[in-house]
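Participant: What follows is a predicted structure for the sequence shown.
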Amino acid sequence: MHDGVTCASRYEKLAATRETYLERARECAKLTLPSVVPPAGHTYSSRLPTPYQGIGARGVNYLAARLLLSLLPPNTPFFRLTLSDFEAAELAQRPDARGEIEAGLSAIERAVMEEVEQSGLRAPLFEALKHLIISGNCLIYLPASGGTRVYGLDRYVVSRDADGNLLDITIKESVSPATLERTSQPSSPTTKMVKMSTFTPSITVMANAGVSTRNSTTVS
């Protein structure tokens, strides 16, 4: 961190501003899918509230599925690459060249579609759409390697300037020490979990033994 401000203190400060929106999201989740935005203090051993009817859950799943089909229709490109009017006019006297260019653009479309299918983007995008329907917010992290991650409203805070431009993102989550580097694991054998907060442009792992920093891809 900079100016002596830690990731933890930065997160707690911005979390106070987020609290109103988070409480509203939890009330909406309580009537639809409580697991999307669980109650405060929820752990893996806690029981989630059960709605008295399933209309809300079915409605959220239906809307998310329809939106997913609109964004990523199966076996159909969700975008189209074409020549501009000026480029088409320049190639009007060269029909062979225009045909080769359009064939190349179609090949790019197919390559992008194959990449989307192989990356497994549909499952995390479906989860993100449910977050957007219920809470209106979510964070999607696309790392350079590995799978796509979706963070709910209760797991991150953001800071923006007066024009709405993103300044930084702070993520808070619990991870197992076994998933961290050997140098960043806590020395205390009684520590079962550590809290990890990300602050652009680095990830800081805070444990009982101290703090260690490693580089990370900026989330945007």
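Facilitator: The structure has been received and is ready for your questions.
Participant: Only C-alpha atoms from now on, for both contacts and neighbour counts.
Facilitator: Will do.
Participant: Need the residue in this structure that's farthest from the chain's center.
Facilitator: Seen from the C-alpha centroid of the chain, the residue lying at the greatest distance (Cα atoms, centre = their mean) is Gln93, 47.2 Å away.
Participant: host element of it?
Facilitator: Of the helices and strands defined by DSSP states H and E, none includes Gln93.
Participant: the helices in the protein, which residues?
Facilitator: Taking DSSP state H, the helices of the chain run over residues 7-31, 55-71, 85-90, 95-119, 122-134.
Participant: Pick the most buried one from those.
Facilitator: Ranked by mean neighbour count under mean count of other Cα atoms under 10 Å, the helices of the chain are led by helix 122-134, which reaches a mean of 20.
Participant: what's the angle between that one and helix 7-31?
Facilitator: Between the axes of helix 122-134 and helix 7-31, defined by axes from the mean of the first three to the mean of the last three Cα atoms, to 10 degrees, the angle is 80 degrees.
Participant: got the angle for helix 122-134 vs helix 55-71?
Facilitator: With the same axes, to 10 degrees as the criterion, the two stretches helix 122-134 and helix 55-71 enclose an angle of 130 degrees.
Participant: Save the helices of the chain as a markdown table, and put in mean pLDDT too.
Facilitator: Below are those laid out as a markdown table (pLDDT from 0 to 100):
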| stretch | mean pLDDT |
| --- | --- |
| helix 7-31 | 91 |
| helix 55-71 | 94 |
| helix 85-90 | 78 |
| helix 95-119 | 84 |
| helix 122-134 | 94 |
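Participant: export those helices to CSV and tack on distance to Thr148?
Facilitator: Formatted as CSV, the helices of the chain follow (distance: least, Cα to Cα, whole Å):
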stretch, distance to Thr148
helix 7-31, 23
helix 55-71, 16
helix 85-90, 37
helix 95-119, 8
helix 122-134, 7
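Participant: Number of residues surrounding the closest residue to Gly120 other than its chain neighbours?
Facilitator: With Cα to Cα, 6 or more residues apart in numbering as the measure, Gly147 is the residue that lies nearest to Gly120, at 7.7 Å, once sequence neighbours are left out. Other residues within reach of Gly147 by the criterion other Cα atoms under 10 Å amount to 13.
Participant: do Thr6 as well
Facilitator: Summarising burial for Thr6: neighbours were counted as other Cα under 10 Å, giving 14.
Participant: And for Arg94?
Facilitator: 11.
Participant: centroid residue for the chain?
Facilitator: Ile140 (1.3 Å).
Participant: And the pLDDT at Val205?
Facilitator: In the predicted model, Val205 carries a pLDDT score of 37.
Participant: before we move on, what about Thr190?
Facilitator: Reported pLDDT for Thr190: 40.
Participant: now do the one 4 residues further on
Facilitator: We have a pLDDT of 39 for Val194.
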